[in-house]
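Engineer: build me a model:
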Amino acid sequence: MTTILVVDDSTVDRKLATGLLAQESEWRVVEASDGNAAMSMISEVDPDLIVTDLNLPGINGLELLANLQKSHSRIGVVLLAAQGSEEIAVEALQTGASSYVPKRLVPTTLVETVRRVLASIQETRKHSDLMDRMGERVETFVLENDVNLLMAMSRHFQTVLADSWSLDRTDRLRTGTALEEALLNAMYHGNLEVSSELKEQDHQAFYALAEERRNSAPWIDRKIFIRTILNPDEATFVIRDDGSGFDPNSLPDPTDPENLIRPFGRGVMLMRAFMDDVTYNTTGNEVTLKRKRNRS
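Structural biologist: The predicted model follows:
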C-alpha cells in the first residue's frame, strides 16, 4: 500500500488534505504537525510521498525538503503554499520538490496532483530496479580536438549516470566537472602540447597557440580515445590522448595553498576531489577515473 505523510501545523488544513487523500482506498495517510515530527516519523512509516506546508514551525517546508534530498531522496514531495509564498515554492521546486499546490486549490487539485506524482515515482523506481540488474555498459568514443565535442561528451556521461544510477544534480555536476578537466587536459596538454605555464603567464597566448596547433600538422591528426565501463556499483572512465605524455610525479601538489590559485595542476585537483580514484599510465598520456555509486 502507498503511504503518504501530510505535514501541516494548521489542524484544519491538515485534516482537509488528509481527508481528501484518505478517500483513495489504496493510499494510507498519516499526519505530522511540523517538520521535526515529520523527520522523526520517516523511518517508522516509510512514506512514498510527503505532502507538506511550506510555512512550518521548527524545520520549515524548504528545510524539510533539503533534509530529504540528503538522506531520503527517493521520497517525493508535494508542496502546499499559501498565497504570498510563490517565490519560496519556486525555490523549493528547483531544489527537488515534485510538485506544488496552492492551498486555495487543495480541494480541487491535490488528489490528482498526488496521483500524477506517485505514478512518476513508481515509474522511476521500476527503471531503477531495472538498472540495478544491469550487468555492464561499455562505450567507446574517438574525438577530435574540439571543445564543443568534449563538453557534449561530459554532458552525455552525466545523462548516462542520471539514467543508470538516478544520480542527483549535484553529483552529476561534480562528476561532469572531473571528466571535463580530464578531457580538456587530454586536448590542450596532451594532443596540442600547450603548457600550463603559458596559461599562467598569458591566457590569451595559451588559447591562441592551442587554436593554431588545432588546425596544423601534426597536432590536427591527433585524437582523444575514451572508454567507459559502467555497472550498478562503479563507473570507470579511461581517457587517452595521442600526445607524448608527461611524468605524473612532476605535478605540483594542488592542495598546497600556494598552488590553489594556479592553473597548473588545478584540473588534477578537481579530478581527485570529485572522483574516488585517479591514476595515470606510466607514459602519462592516459588517465583512469573511477567513482563508486553512493546508494541512499
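
Engineer: show me what secondary structure element comes after the helix-or-strand element of the chain with minimal mean pLDDT.
Structural biologist: When each helix and strand of the chain is scored by mean pLDDT, DSSP states H and E, helix 86-95 comes last, with a mean of 63. Counting by DSSP states H and E, the element after helix 86-95 in chain order, helix or strand, is strand 99-102.

Engineer: off-centre distance for that following strand?
Structural biologist: The chain centroid and the centroid of strand 99-102 are separated by 24 Å, computed with C-alpha atoms, centre = their mean, to the nearest Å.

Engineer: check stretch 193-210 too.
Structural biologist: How far stretch 193-210 lies from its chain's middle: 31 Å, per C-alpha atoms, centre = their mean.

Engineer: for stretch 191-199, same thing?
Structural biologist: Distance of stretch 191-199 from its chain centroid, counting by C-alpha atoms, centre = their mean, is 31 Å.

Engineer: now that stretch: mean pLDDT?
Structural biologist: Per-residue pLDDT over stretch 191-199 has a mean of 87.

Engineer: that stretch spans what distance, first to last residue?
Structural biologist: Start-to-end span of stretch 191-199 (C-alpha to C-alpha, to the nearest Å) is 16 Å.

Engineer: give the buried residues for it.
Structural biologist: Buried residues in stretch 191-199, counted by 16 or more other C-beta atoms under 10 Å: 191-194, 196, 198-199. C-beta coordinates here come from the backbone N, C-alpha and C atoms, glycine included.

Engineer: stretch 117-129 now?
Structural biologist: 117-118, 121.

Engineer: what about the helices in the stretch 151-296 of the chain?
Structural biologist: Here the stretch 151-296 of the chain has its helices, by DSSP state H, counting those that start in this stretch, at 169-185, 196-201, 203-214, 266-274.

Engineer: can I get the CA coordinates of the third one in PDB?
Structural biologist: Written as PDB, here are the backbone C-alpha positions of helix 203-214 (Å, rounded to 0.1, in the frame of the first residue of the first chain):
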ATOM      1  CA  HIS A 203      45.700  33.300 -21.000                       C
ATOM      2  CA  GLN A 204      45.300  34.800 -24.500                       C
ATOM      3  CA  ALA A 205      48.600  33.400 -25.700                       C
ATOM      4  CA  PHE A 206      47.700  29.900 -24.400                       C
ATOM      5  CA  TYR A 207      44.400  29.700 -26.300                       C
ATOM      6  CA  ALA A 208      45.900  31.400 -29.400                       C
ATOM      7  CA  LEU A 209      48.600  28.700 -29.600                       C
ATOM      8  CA  ALA A 210      46.100  26.000 -28.900                       C
ATOM      9  CA  GLU A 211      43.900  27.200 -31.800                       C
ATOM     10  CA  GLU A 212      46.800  27.400 -34.100                       C
ATOM     11  CA  ARG A 213      48.000  23.900 -33.400                       C
ATOM     12  CA  ARG A 214      44.500  22.500 -33.500                       C
END
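
Engineer: against which helices or strands is it packed?
Structural biologist: Using 3 or more C-beta pairs under 8 Å, 6 or more residues apart in numbering; DSSP states H and E, the elements in contact with helix 203-214 are helix 196-201.

Engineer: repeat for the last one
Structural biologist: For helix 266-274, the elements it packs on are helix 169-185, strand 277-280, strand 286-292, judged by 3+ C-beta pairs under 8 Å, 6+ apart.

Engineer: give the next helix or strand downstream of the top helix by length along the chain.
Structural biologist: If you go by DSSP state H, the chain has its longest helix at helix 106-132. Downstream of helix 106-132, the first helix or strand assigned by DSSP H and E is strand 137-143.

Engineer: ramachandran angles for the residue in the chain sticking out farthest from the centre?
Structural biologist: Relative to the centre of the chain, and counting by C-alpha atoms, centre = their mean, the farthest-placed residue is residue 217 at 38.9 Å. Dihedral angles phi and psi of residue 217 (degrees, to the nearest 10) take the values phi -80, psi 150.

Engineer: give the contact list for the nearest residue to residue 139 once chain neighbours are set aside.
Structural biologist: For residue 139, ignoring the flanking residues on the chain, the nearest one in space by C-beta to C-beta, 6 or more residues apart in numbering is residue 228 at 4.8 Å. Listed by C-beta atoms under 8 Å, 6 or more residues apart in numbering, the contact partners of residue 228 are 137-140, 157, 160, 235-238.
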